[in-house]
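Asks: generate coordinates for the sequence data below:
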Amino acid sequence: MNKSDCAIKIVFAGGGTGGHIYPGIAVADELVRLAGTQGKSVKIFWIGNQSGMDKDIIEKNLSSEGGSIDSFYGIPCGKLRRYLSLKNFTDIFKIIAGFVKSLFILAKLRPDVLFSKGGFVSVPPCAAAKILHIPYYTHECDFTPGLATRINSGGAKSILLSYERTAGYLKPSLRSKCIVTGNPVRPIFYEDNSAKGLEFLKIEKKTKPVLLVLGGSLGARQINSLVKENIGWLKKRFVVVHQTGAAFASEHPEIMLIDDDSYKPYSFIYKEMPYVIQAADVVLSRSGANSLWECAVCGKPMVLVPLCGSGTRGDQVDNARFFEQKGCALVLAGPDADSAHLKKALEELSDENKRVECSKACLELCAKTSSAAIIAQTILGGI
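Replies: Model prediction:
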């Protein structure tokens, strides 16, 4: 049986956060769809963190559940840190164990190609793929490349980037391998399900703009505090849909009990999130790459409060500034992330004309072919 008679086997590597997993799922879905149009079949396997959220998310997207991924393989993961920490020593052993397990998994599966969506969990599988002469692609979602991408890039067949200027942060010898694809977003975000979002939120008729507050699955303490401090002011001007995160919800049960026409708290919104984003008029959020591109695809004006400080490499600030320069967002960074600046930004976006202007900028930024399609075409075309 020649290779064309067999299913194409592709391994995905990445995880640690939803920002690395959900874009990968978008690419997996597009690979299955695109291969089908070419009369080919694809089997997709995912290598992720054995103790994180990776398994739970991927298992909801297995082929047995109607998704595109055939199975999940967990490996031990050690985080790559650029600062002094005792965990750097202990995590070396986790990284080595992850590399050894990745070798066994890849030797068993013998995939045609590996696709790395980034994050610290992707480094051992990429290193193992290089040893086994399995070609691999790596994708960077942030404006500035993370340490994992810098490590993975050397042996990659191509380096896929969300932003053209990101290539300038890589070694000159690597820039010829760079392809600008944008950040992949699941197909559901390209549809208009705003009516479903309003139904989920129990909003029968809009009398005020809907402000969606996002801080990730765990919640962003800084954003949650700003909302809590200004809840009265916000409710007068918006219907506030607040994804608080589990920690805030448990710490402030009194907030979670509020559910009126102007404030609707949720500890976490899962499958309905695309609908809710589409129903929103303004989004207040951190500036992780995944949520930024999901909101931009939906044409949503944003107020961004990027994660700053010594615990981050500054990627969220860079992401936020890019979207600000494109006219998609207003940014509250560092000392500007206070109540006064928040009110000023939201007052500006209370103007419907300003919201339309930001929405057009978002849609223009995402007007090209979907990023997932570009990546899927690149991967299939290289096999």
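Asks: please report the distance of residue 35 from residue 374.
Replies: From residue 35 across to residue 374, the span is 15 Å (C-beta to C-beta, to the nearest Å). To be clear about C-beta, it is placed using only N, CA and C from the backbone, and glycine gets the same treatment.
Asks: helix or strand: which one has residue 212?
Replies: strand 210-214 (DSSP states H and E).
Asks: for the host helix or strand of residue 45, packing partners?
Replies: Per DSSP H and E, residue 45 falls inside strand 42-49. In terms of contacts (3 or more C-beta pairs under 8 Å, 6 or more residues apart in numbering; DSSP states H and E), strand 42-49 is packed against strand 8-14, helix 18-37, helix 54-59, strand 71-75, helix 87-109.
Asks: among the ones you listed, which is nearest residue 300?
Replies: Nearest to residue 300 among the helices and strands packed on strand 42-49 is helix 18-37; the distance by C-beta to C-beta comes to 16.8 Å.
Asks: flag every buried residue along the closest one.
Replies: 18-32, 34-35 (16 or more other C-beta atoms under 10 Å).
Asks: cool, stretch 241-248 as well?
Replies: Here stretch 241-248 shows 241-245, 248 as buried, counting by 16+ other C-beta under 10 Å.
Asks: from those residues, which land in strands?
Replies: With strands taken from DSSP state E, the overlap with the buried residues of stretch 241-248 comprises 241-243.
Asks: got JSON lines for the residues you listed, with pLDDT and distance to residue 306 too?
Replies: Shown next, in JSON lines, are these (pLDDT from 0 to 100; distance: C-beta to C-beta, whole Å):
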{"residue": "241", "pLDDT": "96", "distance to residue 306": "21"}
{"residue": "242", "pLDDT": "94", "distance to residue 306": "19"}
{"residue": "243", "pLDDT": "92", "distance to residue 306": "17"}
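Asks: ok, the residues you listed vs residue 116, which is closest?
Replies: Checking these one by one against residue 116 (C-beta to C-beta), the nearest turns out to be residue 243, at 28.5 Å.
Asks: wait, that closest one sits on residue 266?
Replies: Yes. Using C-beta atoms under 8 Å, residue 243 is in contact with residue 266, at 5.3 Å.
Asks: gap between residue 316 and residue 334?
Replies: 12 Å.
Asks: now do residue 206
Replies: Counting by C-beta to C-beta - residue 206 and residue 334 are separated by 34 Å.
Asks: check residue 100 too.
Replies: Residue 100 is 42 Å from residue 334, by C-beta to C-beta.
Asks: and if you look at residue 161?
Replies: Taken as C-beta to C-beta, the span from residue 161 to residue 334 is 26 Å.
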